[in-house]
Structure formats: structure tokens, C-alpha cells
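Provided below are the primary sequence and the corresponding predicted coordinates.
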Amino acid sequence: MPVLNERRYLERAVETTLAQQVDGPTELVLALGPSTDGTTELAERLRAADPRITLVDNPEADIPIGLNIAIRASTLPTVVRVDAHSELAADYTQRALDTLSRTRAANVGGVMRADGRTPFQRAVARAYNSPIGLGGGAYHGGTHEGEAESAYLGVMRRSVLNEVGLFDETIRRGEDWELNLRIRAAGYRVWFDPTLAVTYWPRESWVRLARQFHATGTWRGELVRRYGRRNSVRFFAPPALVLDLVLSLVVGVLQLTGVLTGWWALAASVVYLPVLAYALLIVAVSLGRGGGRGWRDKLWTLAVLPTIHLTWGVGFLGGLLRGAHDTVDTSRLGDRNTPLP
């Protein structure tokens, strides 16, 4: 479990992880980034209370680096990736082990079941759980078991991880997708099992959400630079929306200033159609059952969905054109919008 500024969530995440009903020994390795909210002190208290917990330092604060440090510090033949924002059902690991054995897969993942405590966080959770929000990946609500492109978190065979080389430490977001790409390229299965569900608590504020998805989009653009069309088509929808929105603004200015007139202006107006269709879709989803129950939930859904799509799309275009370089997800760094030193 990579951990950075997770004091509000860490104790419950550790509790549900240690409560796994597994036929065999278990251990929990926490890779601690340089937190500033008391997370490290909490982790030390949790370790003192349970000998199964091991703490390792992750001074770079990067998730793939922390994961690799934790994996190397662990000793057992199956690696279960856990997020500090997640909660596992008591039978999660045993079900995954059974699925690994039954399917002979190298990595098994299930459904990310996002949840929220506030109207804003519930709106983000609905976006995570909806194909309109995050594009329909199996782990965002799939119901059919089978081979998959990637796996949420993942329950992995250590032997396969060692063979393919663990996580790529040059990738700061999307590292799980890239790892599963190498696992599949090596001839192994990545498997989706919808009976496996993990509760996930998303970001709690609009600013943090925007930071998170801009960084995620930037790294997806980087992954497209590296791996081209091995990326799913769905990843190209948000940047296409951003480009059409920009083109619509340009056409609108040209029409208002009289540069485009007559048939040319009418023909150019076709660029408005995708933006109009998108706006109608978002309004319909927000006002319907997908927008929640109360008016506050619906208004936040109306704000959250475009925030996710547009920040992700802008980040994608930047990552595609310039590369991700040192882009980091700063959404867990409190009010600071800078990387850790």
C-alpha cells in the first residue's frame, strides 16, 4: 500500500486489509511517502499494534516506486495491491486467490465501487461508477467475467511480476495499465472478476479532483506517445471533446466578427453539434437518476462530469504534445499545488 497524506483514510484501509479471511499467512507493507498530516505517525502506531505490518520509506512519493519498494520488502508468493483510499471486503483476497487458481491468470482485479460522504464526493463517486464518467472500463461497473486490458489494484503472482520487471518507475500515472500490457505481452492472462469489489473514496474537493485528472490525462498522453494504438479508443474521447470545444470557440468568434458569413458560416456551424450533444447528455445524466437524489447532488454531478472530462482532455493533449516529464498528481498535497521537494 503506497501512502501519502492519508490520515483520514489509512486506519480503515489497514483494518479491512488485515481482516482478510485467507487460508495462509499474510503481511501488509506500507510504503510511506513524506506526509505532512500525521499519516506517518499513525502508521507507526498501527505497526506497533500488529506485527504483520511492515513500514518502508518512499522518499520520492511516486506510486510505482513505492509499490516496487513494498513488493521487494514483502515475502509471500501473491501480491495484493491496496490503495489507502480503499476498503476491502473480508473475502476479497480469498476470492481473488480462487480466481487466480481457476483461470490460471497472472493478475486478477474486480470492480472499483466508489462511494462518498459529502454531496461533492458522492457526485465524484457516481462519475467513477458510470460509463459516462470514466469511459466504461470493466472495473468501473462491468458485470461479465473474462480477460481484461487491465485490472483495478490487482492480485498478482509474484513470479510473473519478477519475470516482467515490476512497475515501470518512469511512469507516475497509468503504471498499472502499462504493467498489465507487459504481462499480456509475456503471454499471461489479466482477468476481470465482477464478484470482487473494492470500496474507493475519491477526492473531496473540486480543486483536488481537477489536479488529479489533469495529471492522469497528462500521463495517458505520455503513454500514447510510448505505446500508440495499444491504448484503448475510449482514451481519445476527452481530448477530442476539448479540441472540438476550442474549434467551436474559434468559429464562434469568426462568425461574430463577420469573418465567416453566408454558406461558409453555416457549414462551419457543424462544429457546434458535438459540444451541444455533450452538453445535453451531461444535463440529462445530472437531472436524471444518474445525478443522485437531491438538488445538491445533481448540481455537483453537473459540475463534476465536465471537470473530469475537460481536465483529463487538456492534460492528455499536453502530455501527447510535450510528454509528461515530471508531472505529478498534487491532489494529496493539501493546499499546495507543487510537487513534494
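That came in fine, so what should we check first? The model shown is predicted, which means the values in this text are computed figures rather than measured ones.

could you pull out the helices for this structure?
Applying DSSP state H to the chain gives helices spanning 7-18, 39-49, 63-73, 92-103, 119-129, 131-134, 158-164, 175-185, 206-227, 237-256, 262-268, 272-287, 295-322.

same for the worst-scoring helix or strand of the chain on mean pLDDT, what does it pack against?
Counting by mean pLDDT, DSSP states H and E, the chain has its least confident helix or strand at helix 131-134, which shows a mean of 86. On a contact count with 3 or more Cβ pairs under 8 Å, 6 or more residues apart in numbering; DSSP states H and E, helix 131-134 meets helix 119-129, helix 272-287, helix 295-322. (Glycine included, C-beta is placed from N, CA and C.)

most packed of the ones you listed?
Counting by mean count of other Cβ atoms under 10 Å, helix 119-129 has the highest mean neighbour count of these, with a mean of 23.

list the contacts of that helix.
112-116, 133-134, 140-141, 200-206, 209, 290-292, 294, 296-297, 300-301, 303-305, 308 (Cβ atoms under 8 Å, 6 or more residues apart in numbering).

buried subset of the residues you listed?
For the contacts of helix 119-129, a burial check counting by 16 or more other Cβ atoms under 10 Å picks out 112-116, 133-134, 140-141, 200-204, 209, 290-292, 297, 300-301, 304-305, 308.

of the helices and strands packed on helix 131-134, which shows the lowest average pLDDT?
Among those, helix 119-129 has the lowest mean pLDDT, at a mean of 92.

relative to helix 295-322, how tilted is that one?
Here helix 119-129 points in a direction 60 degrees away from that of helix 295-322 (axes from the mean of the first three to the mean of the last three Cα atoms, to 10 degrees).

note down every partner strand of the top strand by length along the chain and its orientation.
Ordering each strand of the chain by length in residues (DSSP state E) puts strand 190-200 first. With DSSP bridges as the test, strand 190-200 is paired with strand 86-88 (antiparallel), strand 107-114 (parallel), strand 146-147 (antiparallel).

for those, give me a markdown table that also has distance to residue 16 and mean pLDDT.
Formatted as a markdown table, the strands paired with strand 190-200 follow (distance: least, Cβ to Cβ, whole Å; pLDDT from 0 to 100):
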| stretch | distance to residue 16 | mean pLDDT |
| --- | --- | --- |
| strand 86-88 | 5 | 93 |
| strand 107-114 | 13 | 93 |
| strand 146-147 | 27 | 94 |
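
redo those strands as TSV? Include distance to residue 216.
Formatted as TSV, those follow (distance: least, Cβ to Cβ, whole Å):
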stretch	distance to residue 216
strand 86-88	17
strand 107-114	14
strand 146-147	24
